[in-house]
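S.K.: Build the 3D model from these lines:
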Amino acid sequence: MNKQNFINLILLFITNVILINSLSSQEITRENIKDSLINKMPSFSIYKDNYIITGIPTNNSPTNNNADIKYQVSFKQLLFKKAFKHNSYLFLTYTQKAFWDVYRESKPFDEINFNPSLGFGKPVFNKDNHFKGYLIFMIEHESNGKDSIYSRSWNNISLNYITKIGHKTEVNLKGWIPFLYKEDNPDLIEYIGISELKVTHQFIPKKLIFDITIRKGLSKDWKGAIQAQILYNPFKKSNQYLVLEWFNGYAESLINYSDHVSMIRLGIIVKSNYLIK
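M.R.: Have a look, this model is predicted:
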């Protein structure tokens with residue numbers, strides 16, 4: 001099966017999940033949105049998933065030099081606890097993703113990516129004033145903190161729509177306009193593109209979850225990325241999961257954004273369920 005057929009199957013799966021779950025959506029209205037969601041947001045919380053996973057490549061023979069640990073720390077801080085007009089809110093985020101060559105003799109860090117941002121979010125309603133999701137405007141910076149020929153950085157203005165379809169599926173569509181990136185990595189957009197689709201589906205609520213993220217670069221050939229995760233929660237009351245992750249594509253890290261990567265990793269993840277509760 002070639003990559004295009006694989007992508008078509010994934011998109012078909014996503015479409016079927018959306019159609020099946022669209023029959024049951026939550027009925028939060030414009031009148032009770034502040035009490036039911038906005039005011040219940042913690043001031044300090046998880047933003048993206050926090051995890052530590054380890055694994056090996058699937059397109060090369062595994063060795064101590066190409067196996068690694070990948071971990072991510074991510075949090076969000078509301079700048080004002082009280083919602084603004086139209087139930088909007090302002091927040092800061094910080095995400096740090098690291099690639100650690102822990103199996104090599106000197107155990108060096110291969111790459112650390114730093115991603116702070118400023119965000120402005122507001123709920124979205126349909127014509128019947130029922131809650132449909134969140135629309136989030138963000139200004140982001142991402143870099144690897146290095147200089148000279150090893151420096152990688154970019155900035156973007158993004159618009160993100162997050163919606164819950166039924167009680168089990170969350171769809172996250174994000175598009176961005178990049179700026180101030182051509183000095184360090186002029187062809188970066190060929191690999192990371194200008195948009196990303198993420199779908200999260202709970203096969204068993206809070207127990208068994210499937211996550212997939214698809215990104216297509218702006219190049220004419222295949223220079224995007226697919227990341228798929230299967231998560232299992234062995235605990236009764238916890239947002240900690242065992243996770244099996246497969247990443248295939250480009251720009252998993254900034255330093256090697258133009259190198260094709262195919263890695264399978266296993267570990268622990270603290271899940272950020274933005275809408276799914």
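S.K.: State which strand of this protein is the longest.
M.R.: For the chain, the strand that runs over the most residues, judged by DSSP state E, is strand 109-125.
S.K.: Does anything pack onto it? Which helices or strands?
M.R.: Here strand 109-125 is seen to pack against strand 89-100, strand 131-143 when contacts are counted using 3 or more CB pairs under 8 Å, 6 or more residues apart in numbering; DSSP states H and E. Every C-beta, even on glycine, is put in place using the N, C-alpha and C of the backbone.
S.K.: Partner strands of it, with direction?
M.R.: The pairing partners recorded for strand 109-125 under DSSP bridges are strand 89-100 (antiparallel), strand 131-143 (antiparallel).
S.K.: So Leu92 sits against Gly121, correct?
M.R.: No - counting by CB atoms under 8 Å, Leu92 stays clear of Gly121, with 12.0 Å between them.
S.K.: Now do the buried residues in stretch 56-76.
M.R.: By neighbour count on 16 or more other CB atoms under 10 Å, the buried set for stretch 56-76 is Ile56, Asn66, Ala67, Asp68, Ile69, Lys70, Tyr71, Gln72, Val73, Ser74, Phe75, Lys76.
S.K.: now the longest strand of the chain, how far from the centre of its chain.
M.R.: Strand 109-125 has its average C-alpha position 9 Å from the chain's average C-alpha position, going by CA atoms, centre = their mean, to the nearest Å.
S.K.: and if you look at stretch 92-99?
M.R.: Counting by CA atoms, centre = their mean, stretch 92-99 comes out at 11 Å from the chain centroid.
S.K.: show me where the chain has strands.
M.R.: Taking DSSP E as the criterion, the chain carries its strands at 44-46, 50-57, 68-78, 89-100, 109-125, 131-143, 153-165, 169-179, 195-204, 208-215, 225-232, 240-249, 261-270.
S.K.: can you put the buried residues of stretch 56-76 in TSV and add pLDDT?
M.R.: Putting these into TSV (pLDDT from 0 to 100) gives the following:
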residue	pLDDT
Ile56	97
Asn66	93
Ala67	96
Asp68	97
Ile69	98
Lys70	98
Tyr71	98
Gln72	98
Val73	98
Ser74	97
Phe75	96
Lys76	95
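S.K.: Find the nearest non-adjacent residue to the most centrally placed residue in the chain, please.
M.R.: To find the centre residue of the chain, average its C-alpha atoms and take the closest one (CA atoms, centre = their mean): that gives Lys48, at 6.2 Å. In this structure, Lys48 finds its nearest non-sequential neighbour in Ser74, 3.9 Å apart by CB to CB, 6 or more residues apart in numbering.
S.K.: returning to that earlier point: could you export the strands of the chain as JSON lines, including distance to Asp187?
M.R.: Below are those laid out as JSON lines (distance: least, CB to CB, whole Å):
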{"stretch": "strand 44-46", "distance to Asp187": "33"}
{"stretch": "strand 50-57", "distance to Asp187": "24"}
{"stretch": "strand 68-78", "distance to Asp187": "24"}
{"stretch": "strand 89-100", "distance to Asp187": "21"}
{"stretch": "strand 109-125", "distance to Asp187": "18"}
{"stretch": "strand 131-143", "distance to Asp187": "16"}
{"stretch": "strand 153-165", "distance to Asp187": "11"}
{"stretch": "strand 169-179", "distance to Asp187": "12"}
{"stretch": "strand 195-204", "distance to Asp187": "18"}
{"stretch": "strand 208-215", "distance to Asp187": "16"}
{"stretch": "strand 225-232", "distance to Asp187": "15"}
{"stretch": "strand 240-249", "distance to Asp187": "15"}
{"stretch": "strand 261-270", "distance to Asp187": "17"}
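S.K.: And these: which comes nearest Asn185?
M.R.: Minimum separation from Asn185 across those (CB to CB) falls at strand 153-165, 6.8 Å.
S.K.: which parts of the closest one are buried?
M.R.: Judged by neighbour count (16+ other CB under 10 Å), strand 153-165 contains these buried residues: Ser153, Trp154, Asn155, Asn156, Ser158, Asn160, Ile162, Thr163, Lys164, Ile165.
S.K.: Touching, the residue nearest to the centre of the chain and Ser117? I think so.
M.R.: No - checked against CB under 8 Å, the pair Lys48 and Ser117 is beyond contact range at 10.6 Å.
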